[in-house]
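A.B. asks: Build me a model:
(chains A, B, C, D and E, ligands or ions: 4)
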Amino acid sequence: MASLLEVHDLTKSFGGFSALNHIDLVVHRGERLGLIGPNGSGKTTLINCITGVLRPDRGRIYFDGEEITSLASFRIARAGIARSFQIPRPFRSMTVLENLCIPLRFAAAVKMRSTELEAAAREILELIGLGDKATASPLDLTQIEMRKMELSRALASRPRLLILDEVMAGLASSELDEMLAIFHILSGQGITIIMIEHILRAVMNFSQRLVVLDAGRKIADGSPGDVIKNPQVEKAYLGE
Amino acid sequence: MKKAALLILAVTVISGGLLLTAYIENQYFYFSTYIVLQYIILATAWNILGGYTGYVNFGTGAYFGLGAYTAGYLITNFNLPLPWLIVAGGTSSAVLGLAIGYLTLRLKGVYFSIATLAMSIVIATLIINTPALGGAKGMYILRPKEVSFFSNYMELLFATMVIIAVFTVALAWFIENSWFGRGLAAIRDDEVAAACNGVPVLRLKVLSATTSGALMGIAGAPYPYYISYMEPLSTISLDMAVNSLAMPLIGGTGSWIGPVLGAILLSTTQQVATVTISSEYNLLIVGILLVGFVILAPNGLVGLFQSLLKRRTD
Amino acid sequence: MLTLDLFVNAIVAGILLGGFLAAVSLGISIVFGYLDIVNIAHPAFVVLGSYAVYILNSTFGIDPLLAGIAMAAPFYLLGILIYRFYYAFFERHGAESLRGLVFFFGILFLVEVGLNITYGVDYRMVNAFYLGKSIEIGLVGIPYRLLIPFVAGVAMIFIVYLYLSKTFYGMAIQGVAQDSLAARLMGADPIKIKSVAFGMGMATASVAGALLIMISPIEPSMGREYIGRVFAIAVLGGMGSVVGTLVAAVLLGIAESLTSTFYSPSMAPAVSFGILLLVLAIRPSGIFGR
Amino acid sequence: HAQKPLKIGFSMALTGPLAQAGKGALLAMQIWAKDVNDGGGLLGRPVELVYYDDQTKGANVPLIYAKLLDIDKVDFIVSGYGTNITAPAMPLVIDREMVFISLFATAVNQHFNYPYYFQIMPAGPNPVVDWSAGFFEVAARQNPKPKTVALLAADAEFAQNAVDGARENALKHGFEIVYDQSYQMGIPDFTPIVRAIKARKPDIVYVMSYPPGSVGFVRAAKEVRLEPKIIGGSMVGLQYTSIQMNLGPTLNGIFNYWFWAPEPTLNFPGIEAFLKKYQAEAPKQNLDPLGYYLPPFAYAYLQVLQQAIEATKSTDQKTVGEYIRQAEFETVVGKVKFGPNGEWARSRMLFVQLQGIESHEMVEFTKPGKMRVIYPEKFRSGELIYPFPGWQ
Amino acid sequence: MGARATSLKTLKWKRPTLGNRIVVENIDAGYGAVNVLHGVSMELNAGETVVLLGTNGNGKSTLIKCIMGLVRPSRGRIAMELDGETIELTGKRLEDIVNYGIILVPEGRHLFPKLTVRENLLMGAFRMAARPHIARNLEFCFEAFPRLLERKNQPAGSMSGGEQQMLALARAIMSHPRFLLVDEPSVGLAPILVAHLFEKIKELKERRDLTILMAEQNFNQATKIADRGYIIVEGKIAFAGDRSLLREHHLVKKYYLGA
Ligand SMILES: Nc1ncnc2c1ncn2[C@@H]1O[C@H](COP(=O)(O)OP(=O)(O)OP(=O)(O)O)[C@@H](O)[C@H]1O
Ligand SMILES: Nc1ncnc2c1ncn2[C@@H]1O[C@H](COP(=O)(O)OP(=O)(O)OP(=O)(O)O)[C@@H](O)[C@H]1O
Ligand SMILES: [Mg+2]
Ligand SMILES: [Mg+2]
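C.D. replies: Ligands and ions are numbered 1, 2, ... in the order given. Presented below is the predicted three-dimensional model:
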């Protein structure tokens, strides 16, 4: 498998506190990668660095062979990396549907008429199960619906690499299964997915490989079965 | 369809404006509409950055003043014709818009607003200390004696302002209905999310700031001929900054028509008050008007009309 | 002409002026910094305070500073009234704070017109036995006209700082605009809290008004001269930091004083607002901004 | 039967920064109108003043005059107060060939060269230079002769013009300029500036400032003990009663330009009667209670118009304009004759030294002997106390 | 830490409870024209822990918001019995309800983003009744979530998602609740913390005779401490019963224990 995303020696600190410590990470083309770690271990920070929201202190990031370190976020998005926000960041003045049109037009850069664009957006909403909220304002969504909108919006940029930051938080077990099925379909379409999630069942079901962060360091990287038995991971993440 | 209707509207306004100059002799008409048109341009220009992009600019006076002073300088030193003044005034303010765009667009919210305020004070101070621009003593601008096509120079200025205003409003309409405008709306709502969804945030912001600045400079370019005597403190005034912000807010920031309505309403009232009430009560009226409108039409006049229409159809 | 004597005096004058400017800006710091209410009329209220002080001083001969402090109570109530009005017509409908700006600009006009109609546009000044005198400490001469505003300004900031950081109500004032639902979840009534904060901001206007009229003559529209400055100071200090406000005001005071003494007084505003731009370019959220 | 009124139109600063002066001027003009109408009107027609508040904003001026001329159809126009307000009216005035008498605009006609422009402030044919000529002439006469001058001017139109003239006059009399700076309007404190001036040890301090600045400067100068041989110049505001009452004895020794004072040498015909009417009304409107500064001139510039209309028995602009160009007028501010550029043919700037002020009471300033005219010789009513005795 | 924990445990700060409870009777509620809850009744008795179950969008949060006065029911009533006295909650303002000691940890956290962690916690003790207990509650919070102590001077807005969730809960504890309403306490928390969290809630409850209502999707963890539960389906109570019955219910099996 060829690598799609490579992260070398990524380091980031806030004031005196170091949130990421020399992280190396490779994500292969078409892979389903689970990224876990205790709260505050730096998962979201890592994603922020990859997507250009934060500027890393040191280290390099390559996507599809090209260096993207510190590139403007919109270029990274256009290159094919989409992410959801753990704490949702909707465009508040737009409807849910219009929220999706932005990445369709700007990141996926599809040349379509607005009607076609809207149809494409609607299709994504139906897939995620937000179809009936298409014309609602994001302000009227529940937290969970908001996360689903985040997911839909990420999908709308037609990414090659999709990074999901806890989009399933708060779902009941049956809903998890529906969601996971969708991710498997996406993965089947060739989209590489990094999933950050604290719901172990979902992560185990989904991931081909598991990477664990703790206190800004990578402490494990391997097959889910192995990683989960790793005593360090058990101590830092699983408890029990 | 709608596009065609608007195009016809624009052409009608322009040709109507030109026709008027053949019939109306009364100079008061031209002087007072000049100011209204000037505010239509300024309010619309402000709204491109302030309304569409969400960056509240307190520096209207500086952009306007820079355009006016550029024109004034070119008139007194090179006696350039009006179209060139407009190009030059627009360009210099566009450059200022660009510079401020880069410098301050990393500033958010109030920090941006105050930076623009600071900028306009710095620019006023620099003009005060520049003898070539007349400094604090001011600058006299004599109108050309001869005008072709029009019977009076003021008519020419009026016609020019009609054309600029229509152009400005058309540009605002275009921005609003294009992907540029939608990108700006995304930026206004959430910059980080916009960037992560592929919106070239910095580029659009700078473009928006530049466009807005250029239009304000263009509005300022004919001003030296209107006023004949310019001095920095009254040319770069806070009044202008607040007016150009109050007008879109009163009219409605969401669409191109809002600033136009707000500008017409507010500047007409101010002028009518000037020649009718003409005392302290003048300010009282303007004060009450400002307070009253933001209270009565919380979503601007456009919002008010919309909700009235809705009520009727319901 | 750089002499030690001039230099030291310029610094001292700058610091003194800074204390006064901080007092004038304090209300903005509270109301704009914490409540996100763009009270552009604050300087006009400061002038209103000056008039109140002027009346008390010229009719009863009350010391201007005492008059300013005495008027703080009615100003506090006036503040509460204005906030309630603002709340009823703006905040309640979730209107953006920008619309409030237009509202307060209207209020600014109304205050000016009110003063104009009642007192005319003549310049007003106050008398007190200490005005016009100064103390000499070595090289430094300190006029009481500046010293008293400085001391009063700093004291006022210190009190407000203590209140904001050490009391629950103060903390609630700091938090309420960030998430008013959050405040309610703590059992704090946002309207009440904002009323108190707005009232406080207004009360500082009365004291600042006393300081203003001690320093220079006033007329109804004089507040406009201060709009740019006070917002610049509040922002330079970092929104919602009263200590920052003092530091920023002193910084600008010193910058203007040094420019006036050693370069050109005419460039003083360009220098101080240039500093503001520079600081913002380096620290986009001001000196003490969070 | 009643004649059609003769309308005189103008804009006036009734709000904004110059409103205090503007309102005083308006009152004087209304007194003039009443006087004229009580005397049977002009050419048998009652006069009517048509005016609008320009809010001290030049941008309002063109449209106000357009309204006056095209809608109100006034017979004559005069200017509002100051350069900023006068200049923007000029294109229209010239276009319509109107007679235009202006109230305290500085050197406007230098740019327009319009034959029917006249200006009532007695600055003289070369206003910029003539304004301060007297001050420096007096200074040069003193013994021991002062050697150095400090110039400080506000960053605004009038002061900047004045400082150009002051510079020229200072050099003409052989003074050395050791300090020459401007300050921006609205600064709250002058101590750093005053200290910088003091450090240059000038013999003369010549200040061109507006009212708040004048007060700020005087207070700071007193606190810092800036005590040169001559201090004063062109401080606007020291002539205002409210400021005089506040500063009181602090004013003693200041040598400043003046327009009118209750000195015996300035007892022009009609001035006393005018001031009486003015002072009866002023307190009701919160105006300057004494009104020595601008109001007599606002009365006088209409007197000029009145006398020209009466003499020519005409309302034709050209006829009236030509008459004003050559005639001499007897007004409450003395004899007025205009030169070719519409300014006074000869400067009559007064320089007075404030002397013997003992209290903060208003009566103090109504008595002769407190504002001694030192210059010009023709109106002299006292001697310069030299050097400046120091602050009290 | 261990030593301190035990010393704390001996130090109970209970207050007398005379059958304090909250009763919801037959309410309808919704947003605008959309009705979300249809004739919902439930009760919350002193000292018990009740869990609300149901999949996304069925009205759990809406029910909690109704109790807090954030959503006004269009029908039915909500009342609280406090020390033998009945207090109508319907129509009361949120602030007043909070002052009765009913404290909510809302979905979406609603922290003060620019205040520090410490300041957020202190704000929790804004209501008068909580002030005397600040020191003890603060100690409990820092002991339960040491991360908060580590970061006590960090602005809340820059904390990680999970850390913010801890803070939201801790802040509610600072309010010294009688009734604690928590909307999805475990959202965004790592497994190690989820277990820890429920332990802490349990501990708090035991020490303080706290009454707890929570909406929670982590069925296994929630039922470790819950005494009873309701299942809400499409705005109606589909089932109410105690822990053991809940486990057996077919809806639970379908939603939570499937596969
Ligand atoms: N702007 C900031 N300033 C200071 N500290 C920060 C900032 N942003 C993040 N941190 C800290 O960095 C650490 C890593 O945060 P991050 O959001 O990456 O965690 P995470 O692994 O995503 O956790 P969670 O699972 O809770 O979402 C946290 O301890 C957080 O408090
Ligand atoms: N502010 C609102 N305006 C309009 N509709 C709303 C609003 N809040 C919630 N809803 C709708 O009400 C319904 C019930 O929402 P509620 O938040 O009570 O569900 P929930 O059971 O808590 O689900 P979740 O598991 O998503 O938290 C949903 O369909 C939601 O879309
Ligand atoms: Mg995270
Ligand atoms: Mg919910």
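A.B. asks: how close does the closest residue to chain A within chain D get to ligand 1?
C.D. replies: Taking C-beta to the nearest C-beta, chain A has its nearest neighbour within chain D at D:A59, 35.5 Å off. Quick note: C-beta positions are derived from backbone N, CA and C, even for glycine. For D:A59, the distance to ligand 1 equals 48 Å [C-beta to the nearest ligand atom, to the nearest Å].
A.B. asks: give the contact list for the closest residue to that residue other than its chain neighbours.
C.D. replies: Closest residue in space to D:A59, ignoring its immediate chain neighbours: B:I227 at 6.3 Å, by C-beta to C-beta, 6 or more residues apart in numbering or on different chains. B:I227 makes contact with B:I141, D:G58, D:A59, D:P62, D:P88 under the criterion C-beta atoms under 8 Å, 6 or more residues apart in numbering or on different chains.
A.B. asks: Next to chain B, which bits of chain A? Give me the list.
C.D. replies: Residues of chain A found near chain B (C-beta under 8 Å from any C-beta of the partner chain) are A:51-53, A:72-74, A:76-78, A:82-83, A:85, A:89-94, A:98, A:101-103, A:105-109, A:153, A:156-157.
A.B. asks: Give me the buried entries from the residues you listed.
C.D. replies: A:51-53, A:73-74, A:76-78, A:82-83, A:85, A:89-91, A:93-94, A:98, A:101-103, A:105-108, A:153, A:156-157 (16 or more other C-beta atoms under 10 Å in any protein chain shown).
A.B. asks: you'd agree C:Y163 is up against C:G170?
C.D. replies: Yes. Under the criterion of C-beta atoms under 8 Å, C:Y163 makes contact with C:G170 at 4.7 Å.
A.B. asks: Which one of these two is surrounded by more residues?
C.D. replies: For C:Y163 and C:G170, the more surrounded residue by other C-beta atoms under 10 Å in any protein chain shown is C:G170, and the numbers stand at 20 against 16.
A.B. asks: If we ignore the residues flanking it in sequence, what's nearest E:K65?
C.D. replies: Counting by C-beta to C-beta, 6+ apart, E:K65 lies nearest to E:V71, which is 4.2 Å off, once chain neighbours are set aside.
A.B. asks: Kindly report the same for C:Y144.
C.D. replies: C:Y130 (4.2 Å).
A.B. asks: Please tell me how far the one you found sits from D:E223.
C.D. replies: Note on C:Y130: its distance to D:E223, by C-beta to C-beta, to the nearest Å, is 11 Å.
A.B. asks: And the closest residue to D:K229 other than its chain neighbours, how close does it get to C:G253?
C.D. replies: Spatial nearest neighbour of D:K229, chain neighbours left out: D:P387 (3.8 Å); criterion: C-beta to C-beta, 6+ apart. D:P387 sits 34 Å away from C:G253, taking C-beta to C-beta as the criterion.
A.B. asks: More neighbours: which of the two?
C.D. replies: Per other C-beta under 10 Å, whichever of D:P387 and C:G253 has more neighbours is C:G253, with 27 against 16.
A.B. asks: all strands of the chain, in order?
C.D. replies: Since no chain was named, I'll use chain A. A:3-14, A:17-28, A:32-36, A:58-63, A:66-67, A:81-83, A:161-165, A:192-196, A:209-214, A:217-222 (DSSP state E).
A.B. asks: I was thinking of chain D, sorry if that wasn't clear
C.D. replies: D:6-12, D:47-53, D:76-81, D:100-103, D:117-119, D:148-154, D:176-183, D:204-209, D:230-235, D:255-258, D:328-331, D:334-337, D:350-354, D:371-375.
A.B. asks: CSV please, covering those strands and showing mean pLDDT.
C.D. replies: Formatted as CSV, the strands of chain D follow (pLDDT from 0 to 100):
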stretch, mean pLDDT
strand D:6-12, 96
strand D:47-53, 95
strand D:76-81, 96
strand D:100-103, 96
strand D:117-119, 97
strand D:148-154, 96
strand D:176-183, 95
strand D:204-209, 96
strand D:230-235, 95
strand D:255-258, 96
strand D:328-331, 96
strand D:334-337, 95
strand D:350-354, 96
strand D:371-375, 94
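A.B. asks: how close does the residue nearest to D:A59 sit to B:L215?
C.D. replies: In terms of C-beta to C-beta, B:I227 sits 19 Å off from B:L215.
A.B. asks: just A:D132 next, same as before
C.D. replies: 42 Å.
A.B. asks: Show me the shaky parts of the chain.
C.D. replies: Defaulting to chain A. Of all residues in chain A, those with pLDDT under 70 make up the ranges A:1, A:240.
A.B. asks: um, chain E though
C.D. replies: Across chain E (using pLDDT under 70), the flagged ranges come out as E:1-19, E:258-259.
A.B. asks: So which residues on it come close to chain A?
C.D. replies: Residues of chain E found near chain A (C-beta under 8 Å from any C-beta) are E:31, E:53-57, E:61, E:107-108, E:147, E:158-166, E:184, E:187-196, E:217, E:219, E:254-259.
A.B. asks: Return the set of residues that bridge with the residue positioned nearest the centre of chain A.
C.D. replies: Centroid-nearest residue in chain A: A:I163, 1.8 Å away (criterion: C-alpha atoms, centre = their mean). The partner list for A:I163 in beta bridges (DSSP bridges) reads A:R83, A:I194.
A.B. asks: Wait, it touches A:A82, no?
C.D. replies: Yes. Counting by C-beta under 8 Å, A:A82 is a contact partner of A:I163 at 6.9 Å.
A.B. asks: quick one: common contacting residues for the two?
C.D. replies: Contacts common to A:I163 and A:A82, judged by C-beta under 8 Å, 6+ apart, are A:A154.
A.B. asks: By proximity to ligand 1, which residue of the stretch 1-150 of chain B wins?
C.D. replies: The nearest approach of the stretch 1-150 of chain B to ligand 1 comes at B:K108, 15.0 Å away (C-beta to the nearest ligand atom).
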